[in-house]
Structures are given as C-alpha cells and as structure tokens.
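Chemist: sequence first, then the predicted structure:
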Amino acid sequence: NGGGTALGDLTGDGLPEIVLTRNLGGPRLYLNEGKFRFRDVTEQAGLRHKGWTTGVTLADVNGDGRLDIYICHAGNGDGTLRANELYINQGLNADGVPTFVEQAAAYGVADSAYSTQAVFFDYDRDGDLDLFVINNSPRPVASFPVTNTRDVRDPLGGAKLYRNDGGHFVDVSAAAGIFGSEIGLGLGLVVSDVNRDGWPDIYVANDFFERDYLYINNGDGTFAERLEQEMPYISLSSMGLDIADVNNDGWPDIYVADMLPDDERRLKTTSSFETWDRLQGDVRNGFHYQFTRNMLHLNNGNGTFSDIGQLAGVARTDWSWSVLMADLDLDGYKDIYVTNGLAKDETSQDYIAFLANRETMVQATSSGRVDFRRLIDAMSSTKLPNYAFHNRGDLTFSNESAAWGLDTLSFSNGAAYGDLDGDGALDLVVNNVNQEAFVYRNNARTLTQNRFLQVRLEGAGANRFAIGAKVTLWSGTRQFFQELEPTRGFQSSVDYILTFGVGQRDTLDSVKVEWPGREGRVSLLTKVATNQRLTVRQSEAVVPRAPSPQSLTPLFTDVTDQVGLPYTHRENEFVDFDREPLIPKLLSTEGPMVAVADVNGDGLDDMFIGGAKGQAGRLLVQQPDGRFVSTNEKLLEQDRLSEDLGAVFFDADGDGRPDLYVVSGGSEFASSRDPALQDRLYLNDGRGRFRKAIGSLPPEDVSGSRVVAADYDGDGDVDLFVGGRVVPWHYGEAPRSLLLQNDGHGHFTDVTKRLAPELERVGMVTDAEWRDVDGDGRPDLIVVGEWMPITIFRNAGGGKLVRLKTTGLEHSEGWWNRIVAGDFTGKGRVDFIVGNLGLNTRLHASEAEPTTMYVKDFDGNGVTDQIVSVYNHGTSYPIALRDELITALPYLRPRYPRYADYAGQTVTDIFSPAELAGATVKQAHTFATALVRNNGDGSFTLVPLPLEAQLAPVYGILAQDLDGDGKPDLLLAGNFDGVQPEIGRMSASYGLALRGDGMGRFTPLPAAQSGFAVPGQARDIQRVRTRGGDLYLVARNNDRPLIFRSTGAKRALATLGLDDDHPVGAAHPVHRRLGGVLQHLDRRDVMRIDAPERPARCCFHRDTVDHVQRLVAPVQRRDPADANGDAAVGRARHHHAGKAVHQQLLDRPAGRTRDLFLRHD
C-alpha cells in the first residue's frame, strides 16, 4: 500500500520538515533548509528502523513543545519488526538537526498489530493527547466467511484507543465502545468534531466488505458508532479520507476515496461490481450498503450526511489512496487532491481469468512449487495521474490536474500539504512507490491575486500545539472554517499551520479560535489584515460567558409518533433484474401514493394510502381528537393482490360525495392482462362507507401510474386521465394511457383513440396535471414520464386533446417522476415544478450528450433487452460491463473473448446495423429537477432548481406558502434504491424545504432551520388539515409515513390561489379578468370577492368555537367564476356535480374546511 508523508516544523524555524515512510527500508527525515532545498538527516536524527513502515504522524506527545514522530508498522507474520515506534524529540544537536529517541514501549504504545495509521487527539478533553490506532486484518480477505464478527475482538485486528494517563497510555478500546475485530481492515483515519458539540469524533475507513466506522464522542469517555444512522450508504473499498468544510457552512464534510476508474478502458477491464443479490445478502448479514466510488458526504448539520460525490464530479479517481481537502488556489473554497495508482493491475479481469485457467496453474506449479514471480510478471502495470479538483463554490468541482501541473504519471500513496517556503500557499509532498517523491511548489501567490491568512496556534498545558482547536474567519456573511487535526489523508499528517485562502479580501471582520479543553476558552480578534501569519495563544484566551439560551424554532416539527398513523407500507420482494437483467432500475417499488379528502362530511381531512402487491391500501378516517382510524378494511382487502400506484378522490356519480379511484400498477406481473392490473372505483355513500363499482370501468390491460381528474369536456361531470407506466417484461416500450370519459353517472368509457390518439402511447407516464395553460378556460393536460419530454395536450374543445409540438420543451426528455402546478413567478400564469432523477448519479444527460437506451429483443428469446449508454469524455458507451452484457445476450460471447476486446466499444461497435434495425431508441436530455416557467406566449422554459434539490430523484412535491410571506415555497422529498450496485443507491436526500421569492427563484433552507428531515424512499407529500393545524404527510416506500406539523407563521385567512395560499389582496387569475380581489372589509372579519364588471359577491363570516376558528357560508351565492378554474379560498379543488361547483374553503389557523356550493345560472 505504499508509504506515508508527514510535514511539521521539527526545528522551530517556521518551515516544515518532511518525513516519508517506506514499506522496505524504514522512514526518511528531510530537513527543510529553505527555498525548496531539503537534506536527508535520517541517520543523524536517530530514525534507524528498517522494517515495513506504513503510517506516520507528528504530535507533541509529552507536552514539551517539540513535535515527536509516531510510525506505524506492518510486515512479518511472525511479529518481528512490527511494533509501532514513538520517536521522542530531544531537540536540536550542534548541527541544527533534531534528534529522537524511540520510546514506544515506555509510553505503552508499541502496538504490534498490522497498523496502518495513528492519530493523537484529546478525546476526553483532559488536556493531554490520547492515541487512536487503526490496524489492518491479520487474515487474508479471501479467507473470511460472509458473517458479521464485528463484536468479536482480536488482539491483532481492528482499532485501539489508548488513553493518556499522566504520560503512560492505557488501552481502553473495549470500554470506550471501539470495535477491535479482525474484519476491520482500516486504511483511513481522521478525527473531527463532526457534530460541532465540542467533543472530537472519529471516522475510520475500512477496506473491502466491512463498513466504515463513525464514532460519535459521547463526552463521557465512550463513543457511539453511528455510521448506519447517519449515512445511508458508503464506499465499498474505502481507502484514505479527509474531513473539512467544503461548502463554507461551518460543518465538517467527509470525503472517502475508493477505486472506480474514470477512464473508460480501465473501467471495462479492471472493474467488477457486486450483484443485486450479493448486496442484499451482505446487508442481511449485518453489513451496510456499499458501492464502488469515492464519496463526498456533505454534512447536513442535523446528524445526517448526504453523499454528493457524483454531483460534485469527484466520484471517479481510479485506485485512490490519499485524499486532501485544502484551498490550493486561495480563492476561499477548499479544493481536493487525490493520489492514486497501484504498481500491478491486480483487478484486471483478464488477469483474473488468466489465473482461473487450469493451464496457467499447471505451468506455474510445474517445478513442484508455485512460481509466484511468473504469476506476478504476467500482471500488467499502469501508471496513473493524480487528481486535483478545483472547488467552484457551488458544490461542484472541475478537474484541474493538468492545468495545475499535478498530472505526472505515478504510483502515488501518502501525501501531505504545508507551506514549504513561507509564501502563504500550500505546497504538496507526495510519496510514490518505487519512484522519487513529488514535491510540488504552489504558484497561486504569483499566478492569482488571491490572498491568505495563516494561523499559528500556541496551546497550553500538555497540548502545546492545540490539537482539536477550531478556527473560524468571518467576512460579512461568509465564513471560513478549519479544525487543527493534522492526521489526515492516507498514512499521512499535514503541517500544523492553518492556511486559509480568502480570495481578494484585504481585511477580515473577525477571527475566532475555539480552544480544546473543558474550559471552552475562546479567542476573538477583529479587523484582521490578510496576507500574514497570525499567532494566537491559548494563554490569552478567555472563558466566554455562558450564552443565553437560543432555541432555533424550525419550520416543521416531526409529529409522527404523536399522530400514530396506523399504517406502514410493506413492499413485496420482487427483483425485476432477474427477469430483465439490463434494465436500469426496478419498476416494482414506486408506491405508495396518497389521496386526501373529507370522505364522511365531518369537516376533517381523511386519506387513502396505497399498498404494495399483497398489501391492501388503507382508508384512514380522521377523528375529532386528531387520531386516524382504518376503515373499509374488508372492502380493500379484496384487492390486496394489486399494487396501488395512483389514487384520486372525486365525485364520480354526481352525488356530491368524494369517491375513490385507485390505479393498479407495478412490474411484478406476468403480463398486462393480469386481473390484478385492473383499476378500481369505490363509490362513497356520504358517510365514508365505500363499495366497489362493478362494471363502471372499461377493461384495462395497463400497468398504470397516476390518475388525475377534471371535467375536461365541460359537460358537468368529472373525467379521468390514467397514465400507463410500463409493459411488464418489456421495459422501454410505451404502454397504453387512457382518457376515460364520464357519462355523469359514474360509468367511464375509454375515448383515447377517438379523442386523443396521440395520448394513447405517449410514453412511460409517471404523473400528469390538468391545468388551463393557455387561458381559454378549458383544462389542458400536461404529462410527464420516464424517457419522456414534458408533454402538453391542448384542450381543443369537444373533448379533443391535441399534442402541442412547439412549446420549448421538445428536448426536455428526462426521468420525470412528479409534476405540481402553481404560479411560481408571480405572473398570474400556470407554472410547474417537475421532479426528475437528479444530478447526483452515474447517469448524466445534456442536450449534446444524452443518456440513450436501445430497446429490442436482440436475441429473439421473447424478452426485451435494453442497452443503456452514457457519455464518458465525449463518447457514449454502454454502462453494462462485459459479463453483464453476455449474460443477457450470450451470442455476443465469441465477439468479446477478452475484457480488453470489449473495453472502449460503443453500441454501434457491438451491434451491426442489421441488429440495431427496428430498435426503439429513447433518450434523456436532462435529469435536473426543475421549474417549468410559463412565458405567456405558448412557450415554456426549463429552469433547474438549486443543486441542493438535485441530490436524489424527487418523487414528492408540495407547493405552498410555508413561511407566511405570501409567496409559494416548496417541499421536496424522494430517493430511489432500486438500482444495480454499479449505479448505486440514489438516496442522498433527506428532504428539502425551499423558500420562494415569488419570482421563480428558490433558496434551500438548511436542515436545522427547516426541521424537514425525510430519510428513506419518499414517494408522495400531501397536506392534511386537522383541527390542530395542518399536517404534512410524507409517504415512504417500505416504511411508515412521516408526519410533520408546521410551526411557521400563519395568516388569518388564506385567499385565492392555484395550489397555494396567496395573501389577502391577491387576485386569482380566474378573477383577475373580472377585477376580483379578496379583501378585508371591516372588524367583523367579513370577506368578499369583488367582481365589478359582473357584480357578484361571496360572503362568509368567521366564528370561534372552542378556540377553533371556522368559516361559515350562510347561504349559497351566485359567482361568475369560471367553473373550470381554481377560484377558491385556500387550496381549491373543484368537483362538478351537475351544474354545481363544489369548492373547499380553508381557514389557515384552524385548518378546518367547510363546503360552499356555487351554483351557476
């Protein structure tokens, strides 16, 4: 695994020395003589060990003000030369060379396991430095059974925590809660206060099958290992890591290196991925979800992390070792440097096949023993460039390796940064295998106008170098945060001087130092000039006064447990990949959806939540005390074999009562003709008791997704659009979608072919909305789906729907999941928010470089095959590896006998023109969740939401004014786990609240500010009104729903809006033509809608009963509002019953609803 690198001032002249370890030959110490001249003083310094050295760290272990050297060892199985060494600094000799005496045994830290790295830190905050050592396993990886022995301690395995008791170290690992198992294959180690509670935490990166460890310091001498609770998935072969604040929010983020190649040929020749079944088996055996790629875990500040490595562009750096996050160009954002390379390509798939060949092994053992030299020499060797990523300041990075001169080919391992020449910029030292080390001089000070501030800390007591201190710089609202924890990367330790890039700022408002120790001392300096090295002393710090309690009231509070909803979604186990191995995702895990209505007329919202196949959906009726009770269970149980994917309450038979339509879908059926795919209509008797309508729906051979209701033909009854999602066994083919026309008595006819023929095979539909987008008073249909553009069907009258060809959305193909309408730009027009796959995935798409899928039964076996192709460095390649492709299409095996033959092949290389003939070609040009802005001229513009909204697929969207400023805000939730391990779970989102400015711009709220935290796979968000205020329900796949209560400001009365509550005085588009404005009239709290051109008035008065405010409609009033519009108080839903319009009124503080019937002449 190569050697480590450590930088630190061992002579006291202000310049850091360099210590390099070697696997053979012992460490080397280089004295920094200035101007990038270094002298090897190893022998004079007394570093004489000749064993197998690995990690190195510098720390003042005995508190004498001089840095000592701790070196880790591995090597011989018999234990000789394997004890770790502690070299105590004796000061300078007559020649100015620091000298050292090895005293590990005397201090109690001569660990003789297979150590990789160590870190000194004050975990108990008693003022002296303790020690944590990670060890690799004493057993070969191939000899491990696939069992979890994490709790079984091994003297030579796992990690050890040594507590410093007055200068002697005591192993307290077991008592402190540290795993010490032989399955712990530790490679990376960094200490950081990741939750900012003042106590240092520990992250350990483990190679191979064992998960990493995130030890949260309990503050009582023990740690709680919480990785699975705080990270939904991690890297598989975790190597080095670093922890630093990459987005300047004051929270430490975690970057872990893995070994996924960026080069297409190396990807196809050296990579293999776990199968779906193997991954699920690992998890059942107690391991975590792990995937082969680098991961940048963004700290959400609430005890969770979101991996943004793929969105950031830093997920693929080949066989990586060291990771360093530091501001290399001094622009104020930390960049990323990654070393990589392995002397032999031991994961070459052709080489593995070569070893598996019987003839190979016969020849290798012909002399009676294994000729290892012969086998090793047959292995290829490929030097690789290291990577330098420039932080753009927006959560994304650009690869600047070549531009910054850091792309020399090598086999690089440990690396460290420090200012070697004192110019204020961070230089790099890189340790290489069988090659001279790299020393890179940073030219940022001459090539840019950027400035710096260096902070040198002088600690007190035994912690003289102030390990664990935190430094924050402030300039206006911008902050720059670092922790003094030198051990980081891989087997390495960086310099103790903290270097901050500050862009071109001449002066900083303040510099704050939070010192380690239990006193909590703080130093605060103001108006600090930049371009200097600042020394701050703990002896001059003060103990701040206890801050007055400040409780941040988040926008939402999780009340799931208090509400106690009697429902948990339980997904049936079905693996689509077993049937269609090349599909990119599961289609069997897309539920549940939620529908909300007052089903029994008591003024309280009730809900239907769908079930998976084998699980009946639930109709949950709200009780006056806020509880929900499951009803109609026997009725719904009859349809438990169906998978519920869509639902809507609407008045089907004209009796004014909300009936229920449920869409049956899913892919776990033999064909579209399976009876369980028939949709269902349940009729309501007005008291919440339902019966199944037999014969009311046409026979449907469709695996559906979504149903939306509207009187689209203007005949006074409610019609339906039902989206077709998938053709079972034939992913990629467009299923039938249905336009169902209501006869007014609840009987529906499929009129798609006759009235909307372009709609029938529109695509793999996931959602739709009825909205009047052209202002003609008729609801148009907007449809979204997978591999589909956002498609608009204009209502041409007479029941006909015509697809619009020129909307500006012709190339908007994506993997769209959800669409919600609203006036988000303040123009009085219908805009949309549309949830997409997101940008944090291996799949990426653009107008110039789309993701493409070829759909055809290539081998004629009756099963449709799907060849998905994505761009990599300008060329589109299939994502399937060789083995995956030939398993699905065995006839291709003779074409590609070796992995190298397949590497670099495009779809047109693999398949002949004749083979591709007849294939359906689908493309995606965007994966960004976006605002669809209505330009008012029949065209629309796609505007991506902020990157924080792109971390995962978005399924749930709620648009509403959440903070009481009269402008629509957003709640988003999603995630999707049903993808093959080579793509990896897309579950980095914990939900997101975004504040809207009313002009189409949205600002993400930090998790701690919003309180909206949604782990797992969210599928829908709905608002439910109760007497105690609004609840926000998030339905999750294979989990219980989460329920949140708003704590934000509430207005006295909500007013006119599309799907949002606009402020008093705002005019709804339907009424704007009439000059209608909702107004306060007087202290009697009477509300009215004025329509001066066509006089009409809707009057309501508000009363209070038991502190619950209610709207009361005393009489029916005439209203000129368009019956097909959305004019109402609050969030409006129209339900036509003959010539009557049923509108729902909302009183915001109470969350109560009352019905008003507006009858037309």
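Modeler: Nice, I can see it. Residues are numbered from 1 along each chain as shown.

Chemist: okay, CA-based contacts and neighbour counts for the rest of this
Modeler: Noted.

Chemist: I'd guessed Gly414 sits against Val494; true?
Modeler: No. In this structure, Gly414 is not within contact of Val494 by C-alpha atoms under 8 Å, at 10.6 Å.

Chemist: doesn't Ala466 make contact with Val513?
Modeler: No. The pair Val513 / Ala466 is not scored as a contact, 10.4 Å apart, by C-alpha under 8 Å.

Chemist: what's the nearest residue to the residue positioned nearest the centre of the chain if we skip its chain neighbours?
Modeler: For the chain, the residue nearest the mean C-alpha position is Ala988 (1.7 Å; C-alpha atoms, centre = their mean). Counting by C-alpha to C-alpha, 6 or more residues apart in numbering, Ala988 lies nearest to Ser306, which is 4.5 Å off, once chain neighbours are set aside.

Chemist: check Asn136 too.
Modeler: Nearest non-adjacent residue to Asn136 (C-alpha to C-alpha, 6+ apart): Leu185, at 4.3 Å.

Chemist: how far away is that neighbour from Ala159?
Modeler: Shown here: Leu185 relative to Ala159, a distance of 9 Å by C-alpha to C-alpha, to the nearest Å.

Chemist: return stretch 459-469 as PDB; C-alpha atoms alone will do.
Modeler: Only the C-alpha atoms of stretch 459-469 are listed here, as PDB (Å, rounded to 0.1, in the frame of the first residue of the first chain):
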ATOM      1  CA  GLY A 459      -1.800  25.800  23.100                       C
ATOM      2  CA  ALA A 460      -1.500  25.400  26.900                       C
ATOM      3  CA  GLY A 461      -0.700  22.600  29.200                       C
ATOM      4  CA  ALA A 462       0.200  19.200  27.700                       C
ATOM      5  CA  ASN A 463      -1.500  20.100  24.400                       C
ATOM      6  CA  ARG A 464       1.100  22.700  23.300                       C
ATOM      7  CA  PHE A 465       0.100  22.600  19.600                       C
ATOM      8  CA  ALA A 466      -3.600  23.000  20.300                       C
ATOM      9  CA  ILE A 467      -4.700  19.800  18.500                       C
ATOM     10  CA  GLY A 468      -8.500  19.900  18.300                       C
ATOM     11  CA  ALA A 469      -8.800  23.700  18.100                       C
END
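
Chemist: what is the rounded mean pLDDT of that stretch?
Modeler: What stretch 459-469 shows for mean pLDDT is 97.

Chemist: picking up where we left off before, neighbour count for Leu185 and Ala159, which is higher?
Modeler: More crowded of Leu185 and Ala159, by other C-alpha atoms under 10 Å: Leu185, with 32 against 29.

Chemist: show me the contacts for that one.
Modeler: 135-137, 157-158, 206-208, 210 (C-alpha atoms under 8 Å, 6 or more residues apart in numbering).

Chemist: residue contacts, Phe927?
Modeler: For Phe927, counting by C-alpha under 8 Å, 6+ apart, the contacting residues are 814-816, 836-839, 844-845.

Chemist: helix/strand/coil for it?
Modeler: coil (DSSP: H, G, I helix; E, B strand; the rest coil).

Chemist: now swap in Phe577 and tell me
Modeler: Assigned by three-state DSSP, the conformation of Phe577 is helix.

Chemist: correct me if wrong: it contacts Ser588.
Modeler: No. Judged on C-alpha under 8 Å, Phe577 makes no contact with Ser588 at a distance of 10.6 Å.

Chemist: end to end on stretch 160-178, go ahead and measure it.
Modeler: Taking C-alpha to C-alpha, stretch 160-178 runs 7 Å from one end to the other.

Chemist: please work out the average pLDDT along it.
Modeler: For stretch 160-178, the mean per-residue pLDDT is 96.

Chemist: repeat for stretch 53-70
Modeler: Mean pLDDT, stretch 53-70: 97.

Chemist: just the C-alphas of it, formatted as CSV.
Modeler: C-alpha atoms of stretch 53-70 as CSV (Å, rounded to 0.1, in the frame of the first residue of the first chain):
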residue,chain,number,x,y,z
THR,A,53,6.7,1.2,7.8
THR,A,54,3.2,2.5,6.9
GLY,A,55,1.6,5.5,8.5
VAL,A,56,3.3,8.4,10.1
THR,A,57,2.0,11.2,12.3
LEU,A,58,3.7,14.1,14.1
ALA,A,59,2.5,15.2,17.6
ASP,A,60,3.9,16.7,20.8
VAL,A,61,3.2,13.5,22.8
ASN,A,62,5.0,14.6,26.0
GLY,A,63,3.9,18.2,26.0
ASP,A,64,7.4,19.7,25.9
GLY,A,65,6.7,21.9,22.9
ARG,A,66,8.5,19.8,20.3
LEU,A,67,6.9,17.6,17.7
ASP,A,68,7.5,13.9,18.1
ILE,A,69,7.2,11.2,15.4
TYR,A,70,4.9,8.1,15.6
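
Chemist: from the chain's centroid, how far away is that stretch?
Modeler: Here the centre of mass of C-alpha atoms in stretch 53-70, compared against the chain's by C-alpha atoms, centre = their mean, to the nearest Å, lies 38 Å away.

Chemist: repeat that for stretch 517-535.
Modeler: Relative to its parent chain, stretch 517-535 has a centroid offset of 35 Å by C-alpha atoms, centre = their mean.

Chemist: rounded mean pLDDT for it, please.
Modeler: Taken as a whole, stretch 517-535 carries a mean pLDDT of 96.

Chemist: coming back round to it: isn't the residue nearest to the centre of the chain right up against Asp977?
Modeler: No. Using C-alpha under 8 Å, Ala988 makes no contact with Asp977, being 10.3 Å away.

Chemist: what's around Arg278, how many residues?
Modeler: Using other C-alpha under 10 Å: Arg278 sits among 12 other residues.

Chemist: assign it to helix, strand or coil.
Modeler: Judged by three-state DSSP, the three-state class of Arg278 is helix.

Chemist: ok, it to Ser987 distance?
Modeler: As judged by C-alpha to C-alpha, Arg278 and Ser987 stand 19 Å apart.

Chemist: which regions of the stretch 951-1100 of the chain sit below the pLDDT cut-off?
Modeler: 1048-1100 (pLDDT under 70).

Chemist: can you pull out the strands in it?
Modeler: 954-960, 969-974, 992-996, 1002-1004, 1018-1026, 1029-1036, 1042-1046, 1077-1080, 1087-1090 (DSSP state E, counting those that start in this stretch).

Chemist: how about low-confidence regions in the stretch 251-400 of the chain?
Modeler: Where the stretch 251-400 of the chain drops to pLDDT under 70, the residues are 361-362, 364, 366.

Chemist: thinking again about what came up before, which of the strands of the stretch 951-1100 of the chain sits closest to Leu426?
Modeler: Smallest distance to Leu426 across the strands of the stretch 951-1100 of the chain (C-alpha to C-alpha): 32.9 Å, for strand 1002-1004.

Chemist: adjacent strands (with direction) for that closest one?
Modeler: If you go by DSSP bridges, strand 1002-1004 pairs up with strand 992-996 (antiparallel).

Chemist: got the CA coordinates for the strand it pairs with in PDB?
Modeler: Taking Å, rounded to 0.1, in the frame of the first residue of the first chain, the C-alpha atoms of strand 992-996 are listed here in PDB:
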ATOM      1  CA  LEU A 992     -35.600  19.800   1.300                       C
ATOM      2  CA  ALA A 993     -37.600  22.900   2.000                       C
ATOM      3  CA  LEU A 994     -37.000  25.800  -0.400                       C
ATOM      4  CA  ARG A 995     -38.200  29.400   0.200                       C
ATOM      5  CA  GLY A 996     -39.600  31.000  -2.900                       C
END
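
Chemist: since that was my last question, I'll sign off now.
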